[in-house]
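> Coordinates for the following, if possible.
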Amino acid sequence: MDYSLDSPLISPTKARQAAIQAKDWAYVNAWLSRKFSPNEVPPFERNEDTLKALLAIAAANETADEEAALLHRAREEIVRAYKRREEEEDPRKKALLEDLEAHLDEKGEESLNDLAETTVSLGSLSTSTAALGNGIMELTRDEFDVADQMREIEALQVYLDKELKGLRKQLDDLKSNPVYEIDPNLTEQTAEWNRSTKLLMAKVQEYHERITTLTRTVTKNAPTIEDIVAEEKSTLELQDNVKRLEARIKAFHDIPPQLDEARAEYKRLERDVQQLRQRRDRMFESAALK
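Numbering: from 1, shown residues only. Just a heads-up that it's a prediction; the model follows:
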C-alpha cells in the first residue's frame, strides 16, 4: 500500500482535492445521465481537462434551462393576466372592441395582429409606447447576452474538438505503438514480484524486530555522560604519564643494559666532565691574565 507524502491517506490537501473532484464527477455523471436518458452515457476518457470542459458545458446548459424555465413561467403568467383582464373588463367595452376589430380592413387587422404578437413576445401587459420600448430594450440586452453565451459555447466546442482529436491520436498511438504492448510474460512476472514482495516484507519485519531488540540492549548497557567524561580524563592522565616515562627512558638510551658496564660508563663520563671543567677553568685564567 502506498503511503507516500502525496497519498490522499496522508496529505489532508490531497484528500480535500480528491473529495472535490469526486463531487464534481458525481455532478457531471448525473447531468450526462439526464441528457442521454434513456440511453447509456457513451464511454470517454476521464481526466482533469475533460472534467473542466464538462463542468463548463453543464453549467452553461443548466443556465440555459433555467432561463427557458423562467421564460415559460413568464409566458404562463402573461396568459393568466390576460385571462384575468378579460374576465374583469366591462362586457360593453369588450363588445365594442370586437365590433371595431370586425370592421378593420386587411391592413388594420395585420397591424393589430403585429401589435398583439409584439406585446406577447415582449411579455408586456400594456400596448403603451413606454412599455413596448422597455420590452424591446430588455429583449435586445437578452439577445446580446445569448450571443455572448453562444460565442463562449462555440469556443468551448472548438477546444473540445481539438482535445478530442488529440485524445483520438493518443488512443491510436497506444493501440499501434509497440512500446505500449503488454508483455506476454506479465502475469508470471507479476506473480513472481508478489512472491518476492512477500519475502521482502517478512525480512523487513524480521530486521525491524532485531533492530528493536538491539536498540533496547544498547540503550540498557550504554554508558552515561559522566562515565565518558571520567574515562576521557583517565585516558589523558595515562597519556601524560606515558610521555614522562618516554622522556626518562630516552635520557638513558645510550647507557649499556648491564649494571657493571653502566657504572663504568658513568665513571668515564664523570671523568670527562671533570676534564672539561678543568679546561674551562684554565681558559678563564688565561683570559684574565691577558
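> what about Phe36, neighbour count?
Around Phe36 sit 11 other residues, with neighbours defined as other C-beta atoms under 10 Å. Just so you know, the C-beta spots here come from the backbone N, C-alpha and C atoms, and that holds for glycine as well.
> My error: substitute Pro43 in the last question.
The local packing of Pro43 (other C-beta under 10 Å) involves 6 other residues.
> Go ahead and report the secondary structure state at it.
Under DSSP: H, G, I helix; E, B strand; the rest coil, the three-state class of Pro43 is coil.
> Poorly predicted segments of the stretch 1-150 of the chain, please.
Applying pLDDT under 70 to the stretch 1-150 of the chain flags residues 1-12, 74-75, 78-79, 81-83, 85-105, 108-109, 111-129, 131-132.
> Name the surrounding residues that touch stretch 236-255.
Surrounding stretch 236-255, the residues in contact under the criterion C-beta atoms under 8 Å, 6 or more residues apart in numbering are 262, 265-266.
> make it 6 Å
When contacts are taken as C-beta atoms under 6 Å, 6 or more residues apart in numbering, the neighbours of stretch 236-255 outside the stretch itself are Ala262.
> and that stretch, how far from the chain's centre?
How far stretch 236-255 lies from its chain's middle: 70 Å, per C-alpha atoms, centre = their mean, to the nearest Å.
> Send over that stretch as PDB, restricted to the C-alpha atoms.
Taking C-alpha atoms only, stretch 236-255 is exported to PDB below (Å, rounded to 0.1, in the frame of the first residue of the first chain):
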ATOM      1  CA  LEU A 236      44.600  11.900  29.300                       C
ATOM      2  CA  GLU A 237      46.400  11.200  32.600                       C
ATOM      3  CA  LEU A 238      47.700   7.900  31.200                       C
ATOM      4  CA  GLN A 239      48.900   9.700  28.100                       C
ATOM      5  CA  ASP A 240      50.800  12.300  30.300                       C
ATOM      6  CA  ASN A 241      52.400   9.500  32.300                       C
ATOM      7  CA  VAL A 242      53.500   7.700  29.200                       C
ATOM      8  CA  LYS A 243      55.100  10.900  27.800                       C
ATOM      9  CA  ARG A 244      57.100  11.500  31.000                       C
ATOM     10  CA  LEU A 245      58.200   7.900  31.100                       C
ATOM     11  CA  GLU A 246      59.300   8.000  27.400                       C
ATOM     12  CA  ALA A 247      61.300  11.200  28.200                       C
ATOM     13  CA  ARG A 248      63.100   9.500  31.100                       C
ATOM     14  CA  ILE A 249      63.800   6.400  29.000                       C
ATOM     15  CA  LYS A 250      65.200   8.500  26.200                       C
ATOM     16  CA  ALA A 251      67.700  10.100  28.600                       C
ATOM     17  CA  PHE A 252      69.100   6.600  29.400                       C
ATOM     18  CA  HIS A 253      69.100   5.500  25.800                       C
ATOM     19  CA  ASP A 254      72.900   5.300  25.300                       C
ATOM     20  CA  ILE A 255      73.600   3.600  28.700                       C
END
